[in-house]
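Colleague: predicted model follows, preceded by the sequence.
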Protein chains: 2
Amino acid sequence: MLRLSKLTDYAVVVLVRLSGMDGVQTSPGIAAATGIPEPTVAKVLKSLAAGDLVASQRGARGGYRLNRDLSAIPIADVIAAIDGPIALTACVEGSGAGCESQGLCPMRGRWDPVNEAIRKALSGITLADMQVALLPAFRLPAHQAQLQSAAE
Amino acid sequence: MLRLSKLTDYAVVVLVRLSGMDGVQTSPGIAAATGIPEPTVAKVLKSLAAGDLVASQRGARGGYRLNRDLSAIPIADVIAAIDGPIALTACVEGSGAGCESQGLCPMRGRWDPVNEAIRKALSGITLADMQVALLPAFRLPAHQAQLQSAAE
DNA sequence: GTTATCCGGACTGTCTCAGTCCTGATTGGG
DNA sequence: CCCAATCAGGACTGAGACAGTCCGGATAAC
């Protein structure tokens, strides 16, 4: 199903939220604004900080802020920060020696071109692209349910 | 991590194996040729048959054969047959009404362009593309271990 | 010095998935 | 006409990953 983790979904929400503000923001504040549980927000922000997508300021009056503009953050970077490197199968470069049936398995890194294609596709879409289509929903909170039922 | 199931990996191996033969092949036969456990091969073939990628013949002397040429099978079709429709998150068209926090969640189907990009990328790669790079491994069964250690 | 915040890790319940098995339906051969 | 071989479809189980939570420590403002 090509499922990506729910944490990645949260990460996008958090990053978009961060982009709207000037100074630093605390994780409780973001949690309250987004409706995501506070510990989960903290966890996501830690991963994002490890991936250099956000900068952290410790101590009182501390918090997080964006490191780059949304248009400079491809969705691939977010996925890599939260879920680790993008790889469809276990049989990729990272764990080349891990496959137990090396002799029999005729695939030997055959998914690499597929991985490459996906990586390329994900690198071409930035958070700014995802945000533009998201704005109308903010403007019509009362009509969301209506729009939804119409789309079904 | 964008993990796709191991079954999909097996499916590609099985389909490539099927392409090399003229008549029908039984699942035990394919299992023996590929090294994949027989029940697993049967399971994969059933899913592939449900997806119209292979045709099945029941009864004695029955088996499976390819429905189309490898070059006419995009990898996206294989994934869809094994893992279901391609969708990164749960919040897509399929389960539009399932998201519990519809009011708060500002993403509302925001991943659709990303899904579309990936679907497009996966539709552009056929099994034939994956096979060409795979042939050398078939020709040098005795040298595989050697090539491998050299690559590490 | 006290308080608020981030940091890093460990821990647990839940859920999905890989893999197996069983019972029935279909077809060809003896 | 009966039997063997094969596919069809589902149920079942053990393992692994993930979401979510919590705790002790470090850092910086007041």
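Modeller: Yep, that arrived.

Colleague: what's the weakest-modelled helix or strand in chain A?
Modeller: Ranked by mean pLDDT, DSSP states H and E, the helix or strand of chain A with the weakest confidence is helix A:144-151, at a mean of 36.

Colleague: neighbours of the closest residue to A:D52 other than its chain neighbours, how many?
Modeller: Nearest residue to A:D52 in three dimensions, chain neighbours excluded: A:N67, at 6.2 Å (C-beta to C-beta, 6 or more residues apart in numbering or on different chains). For every residue, glycine as well, the C-beta is placed using N, CA and C. Here the number of neighbours of A:N67 (other C-beta atoms under 10 Å in any protein chain shown) works out to 15.

Colleague: quick one: pLDDT of A:N67?
Modeller: pLDDT recorded at A:N67 is 93.

Colleague: can you check A:S19 too?
Modeller: Listed pLDDT for A:S19 reads 91.

Colleague: ok, it - contacts?
Modeller: Contacts of A:S19 were listed using C-beta atoms under 8 Å, 6 or more residues apart in numbering or on different chains, and they are A:66, A:69-70, A:127, A:131.

Colleague: then A:D22?
Modeller: Taking C-beta under 8 Å, 6+ apart as the definition, A:D22 has no contacts.

Colleague: A helix includes it, no?
Modeller: No - counting by DSSP: H, G, I helix; E, B strand; the rest coil, A:D22 falls outside a helix, being coil.

Colleague: next, work out how far apart it and DNA strand C are.
Modeller: Remark: distance between A:D22 and DNA strand C (C-beta to the nearest atom of the strand, to the nearest Å) = 15 Å.

Colleague: now A:D83
Modeller: A:D83 is 15 Å from DNA strand C, where distance means C-beta to the nearest atom of the strand.

Colleague: quick one, what contacts that residue?
Modeller: Neighbouring residues of A:D83 by C-beta under 8 Å, 6+ apart: A:4-5, A:7-8, B:1-2.

Colleague: that older thread, and the contacts of A:S19, which of them are buried?
Modeller: Listed as buried from the contacts of A:S19 are A:66, A:70, A:127, A:131; burial here means 16 or more other C-beta atoms under 10 Å in any protein chain shown.

Colleague: narrow these to those in strands?
Modeller: Cross-referencing those against strands under DSSP state E gives A:L66.

Colleague: quick check, nearest of the buried ones among the contacts of A:S19 to B:A31?
Modeller: Taking C-beta to C-beta as the measure, B:A31 lies nearest A:L127 of those, at 45.9 Å.

Colleague: farthest pair in the contacts of A:D83?
Modeller: A:L7 and B:L2 (13.3 Å).

Colleague: those two: which is more packed in?
Modeller: Between A:L7 and B:L2, B:L2 has the larger neighbour count (other C-beta under 10 Å), namely 22 against 15.

Colleague: near DNA strand D, which residues of chain A? Just list them.
Modeller: A:5-8, A:10, A:37, A:39-40, A:42-43, A:58-62, A:83 (C-beta under 7 Å from any atom of the strand).

Colleague: spatially nearest residue to A:V16, not counting backbone neighbours?
Modeller: A:Q131 (5.6 Å).

Colleague: all strands for chain A, in order.
Modeller: With DSSP E, the ranges of strands along chain A come out as A:54-57, A:63-66.
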